[in-house]
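Participant: okay, sequence plus prediction incoming.
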Amino acid sequence: MAKIKPVKELRKEHFHFDRFPTTYCPGCGIGNVLQAVTRAIDETGRAPESFTFAVGIGCYGNIGNYLDFDELRLSHGRVPAMATGLKLARPDLNVIAIMGDGDATAIGGNHLIHAARRNIDITAIIINNHTYGMTGGQYSPATRMGDYATTAPYGMVEPAFDICRLAEGAGATFIARTTTYRMVQTIDIVRRAIEHPGFALVEIDSQCPVIYGRMNRWGDAVAMLKKQNALTVTLEKAKTMSPEDLKGKIVVGVFKESIEPELSSEYYKVIDRVRSAKDAV
């Protein structure tokens, strides 16, 4: 692990300060996530120029305005598909796919499960604020049952996706969940996800005080973070709790970490076999 740098030095290396302040709402958790991701990248010790971000459309979508990394800015929901193509074309790159709960599990759900199934070496980071924040607070597949949204003014009646279970069923080989309150844990998990040789999914539960928090009367960003922390249960503790006691809780930790054949490596093995066969003719 590389030597930990001071925050000011880290920001100077990886952020465009001339473009600050950001357009994010006051107290938005996206800033927490960007700080954690850049810190995790730095701790891998890998060259910054080896990283490329694949970013979709959502509140988080303009992170390329503030981060000094190469970036693909993509259409809504198509991040896993385009990130897969990038990794196959350039297996030397560290590809980080940033998504929200809306585009990852709704319009992009099919792309997400097949990227996980293929075990392509992509780090998929899903910022889960449980709403479509940029378009006005509609409910997403991750909106909690009973919570309010502009399209659920009397409360959400559908059950929410468990994103980590979805990834497990699809075949992801690294699966973890953390929160914006737990920054030290988030940095460590994202670093491990980047270093994992296969499809890694990290769900980060994030606060949205201006829309989701206000609509559900959860208070400002600090109040939301405190509520988030109160609902958080470690994976170890969760194993001792009943399903009834776990309802509404945010279980955090690394759920799966295994080494399986990785798609881009297998893809180039096929190319080598084809070339060898042609040379033998």
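Facilitator: Received, thanks.
Participant: beta partners of Gln232?
Facilitator: Slight slip there: residue 232 is Thr, not Gln. Thr232 has these beta-bridge partners by DSSP bridges: Ile250.
Participant: mind checking pLDDT for it?
Facilitator: Note on Thr232: pLDDT of 98.
Participant: that one contacts Arg182, correct?
Facilitator: Yes. Judged on CB atoms under 8 Å, Thr232 makes contact with Arg182 at a distance of 7.2 Å. The way it works is simple: take the backbone N, C-alpha and C, and place the C-beta from them, glycine included.
Participant: mind listing the shared neighbours of the two?
Facilitator: By CB atoms under 8 Å, 6 or more residues apart in numbering, Thr232 and Arg182 have these common neighbours: Val252.
Participant: neighbour count for these two, which is higher?
Facilitator: Remark: of Thr232 and Arg182, Arg182 carries more neighbours, 22 against 19, as counted by other CB atoms under 10 Å.
Participant: show me the helices in this structure, by range?
Facilitator: Secondary structure of the chain (DSSP state H): helices at 7-14, 30-44, 79-89, 101-105, 109-118, 163-170, 183-195, 214-215, 221-231, 235-238, 243-246, 263-280.
Participant: residues of the first one that come out buried?
Facilitator: Applying a neighbour-count criterion of 16 or more other CB atoms under 10 Å, the buried positions in helix 7-14 are 10-11, 14.
Participant: swap in stretch 180-195?
Facilitator: Neighbour-count burial for stretch 180-195 [16+ other CB under 10 Å]: 180-182, 185-195.
Participant: just those residues now: which is nearest Ala223?
Facilitator: Nearest to Ala223, judged by CB to CB, of the buried residues of stretch 180-195 is Tyr181 at 11.9 Å.
Participant: isn't the closest one up against Leu225?
Facilitator: Yes. Contact criterion CB under 8 Å: Tyr181 and Leu225 qualify, at 4.9 Å.
Participant: in the stretch 51-200 of the chain, where is pLDDT below threshold?
Facilitator: Within the stretch 51-200 of the chain, no stretch has pLDDT under 70.
Participant: so how many other residues sit close to the residue lying closest to Ala152 once chain neighbours are set aside?
Facilitator: Sequence neighbours aside, Tyr139 is the residue nearest to Ala152 in space, at 4.7 Å (criterion: CB to CB, 6 or more residues apart in numbering). Tyr139: 23 surrounding residues under other CB under 10 Å.
Participant: what sits against Tyr139?
Facilitator: 131-132, 147, 149, 151-152, 156, 158.
Participant: filter those down to the buried ones, ChimeraX style.
Facilitator: To isolate the buried subset of the contacts of Tyr139 in ChimeraX, counting by 16+ other CB under 10 Å, use the following:
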select :131,132,147,149,152,156
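Participant: and of the contacts of Tyr139, the nearest to Lys249?
Facilitator: Closest to Lys249, out of all of the contacts of Tyr139 and judged by CB to CB, is Asp147, at 14.8 Å.
Participant: hmm, Val157 and that closest one touching each other?
Facilitator: No. Taking contacts as CB under 8 Å, Asp147 lies outside contact range of Val157: 10.5 Å.
Participant: one step back: out of the buried residues of helix 7-14, who's nearest Leu246?
Facilitator: Closest to Leu246 out of the buried residues of helix 7-14 is Leu10 (36.2 Å), distances taken as CB to CB.
Participant: and the closest residue to the closest one other than its chain neighbours, how many neighbours?
Facilitator: Among residues not flanking Leu10 along the chain, Asp42 sits closest, at 5.8 Å (CB to CB, 6+ apart). Asp42: 21 surrounding residues under other CB under 10 Å.
Participant: same check, this time on Pro26
Facilitator: Counted with other CB under 10 Å, Pro26 comes out at 8.
Participant: my guess is it meets Arg214, correct?
Facilitator: No. Pro26 is beyond contact range of Arg214, at 11.6 Å (criterion: CB under 8 Å).
Participant: returning to what we had before: between the buried residues of stretch 180-195, which is closest to His114?
Facilitator: Ala193 (18.8 Å).
Participant: for the closest one, which non-adjacent residue is spatially closest?
Facilitator: Here the residue nearest Ala193, using CB to CB, 6+ apart, is Ala200, at 3.8 Å.
Participant: return the residues in contact with that neighbour.
Facilitator: Residues in contact with Ala200, defined by CB under 8 Å, 6+ apart, are 122-124, 172-176, 192-194.
Participant: same check, this time on Val190
Facilitator: By CB under 8 Å, 6+ apart, the neighbours of Val190 are 36-37, 40, 123, 125, 202.
Participant: noted, bye for now.
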